[in-house]
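[1] Need a 3D model of the following:
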Amino acid sequence: MQVAIVSDIHGNLQAFDTVLEAIAESLCQEVWCLGDLVGYGADPDACVQRAAAHCAVSLAGNHDLGVTGDLPLEDFSAGARLAAEWTRATIRPETMKYLRSLEPLTESEPVGLYHASPRDPVWEYVLSPLQAELCLDAQSRQVCVIGHSHVALSFSRTAGASATGETRKDGDELDLAGSEWLLNPGSVGQPRDGDRRAAWLELDMDAWTASYHRVEYDIEGAAAAIRQAHLPESLAERLQFGQ
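    Residues are numbered from 1 along each chain as shown. Sure, this is the predicted structure:
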């Protein structure tokens, strides 16, 4: 089966719709979301509605859990806290109900799915080979997919060797056979790897390959929506730079 994996949508409807259009033109049979449907962007209701309609698997991210009250907002940065407070005050009851139905991990698929990491599904940013080594020790599958860091990357480990990793670009393809892997698709709604385009990952669980994708989207529209909602200006500005 081929699946499309997305993460960190963050209420960015322009980016999410563009990614869903690209997925619809692919051979993927399902969409799996690793969480953070809401958080920084101005369209949380619409993004949750899209996830409910299109995602066969959907996880809770830390921002989703902050909005539902399962995590204290004191644990978030100032901008993230303001966005979560605005989201909590404006979303529809059915959006809150959907968010409260989600968990930050699932191990019921052929690959492990975690919002953040196998060691800490909610908070850990896996950005170094040492962290990846510890997560590979903890994971229950040969391949796991993680989000949270907003950086498209992969880590792998072969028998008897230490974990290695690198950031991934549009069009990168991986042969997953014979090694343990941690894959991060990058962020749909707020990339932080210097590429402002929305990111998603195509995973073929028959051939055991993975392909990284980036798509252009209406950044100006997403930024205008943030400003119209009177959310922090920094949340609009950073979209331009992929940071």
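[2] ok, Glu85 - contacts?
    Remark: with contacts taken as CB atoms under 8 Å, 6 or more residues apart in numbering, Glu85 is in contact with Leu73. (Each C-beta comes from the backbone N, C-alpha and C, glycine too.)
[3] in this structure, which spans are strands?
    With DSSP state E as the definition, the chain shows strands at residue ranges 2-6, 30-33, 55-58, 105-106, 112-114, 143-146, 152-157, 164-167, 173-175, 180-185, 198-204, 209-215.
[4] right, so of these, which gets closest to Glu237?
    When these are ranked by distance to Glu237, counting by CB to CB, first place goes to strand 198-204 at 17.2 Å.
[5] What distance do you get for Ala225 to Cys55?
    In this structure, Ala225 and Cys55 are 22 Å apart, going by CB to CB, to the nearest Å.
[6] Can you read off the backbone torsions of the residue lying farthest from the centre of the chain?
    Most distant from the centre of the chain: Gly160, at 30.6 Å, with distances by CA atoms, centre = their mean. Geometry field for Gly160 lists phi and psi as phi 80, psi 0, criterion degrees, to the nearest 10.
[7] so Gly165 makes contact with Leu153?
    Yes: using CB atoms under 8 Å, Gly165 is in contact with Leu153, at 6.0 Å.
[8] re the thing from before, okay if I get the strands of the chain as a markdown table plus mean pLDDT, distance to Thr90 and mean neighbour count?
    Rendered in a markdown table, the data for the strands of the chain read as follows (pLDDT from 0 to 100; distance: least, CB to CB, whole Å; neighbours: other CB atoms under 10 Å):
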| stretch | mean pLDDT | distance to Thr90 | mean neighbour count |
| --- | --- | --- | --- |
| strand 2-6 | 98 | 23 | 24 |
| strand 30-33 | 98 | 21 | 23 |
| strand 55-58 | 98 | 21 | 18 |
| strand 105-106 | 96 | 28 | 19 |
| strand 112-114 | 98 | 28 | 26 |
| strand 143-146 | 98 | 29 | 25 |
| strand 152-157 | 98 | 30 | 22 |
| strand 164-167 | 97 | 35 | 15 |
| strand 173-175 | 98 | 40 | 13 |
| strand 180-185 | 98 | 28 | 26 |
| strand 198-204 | 98 | 23 | 25 |
| strand 209-215 | 98 | 27 | 20 |
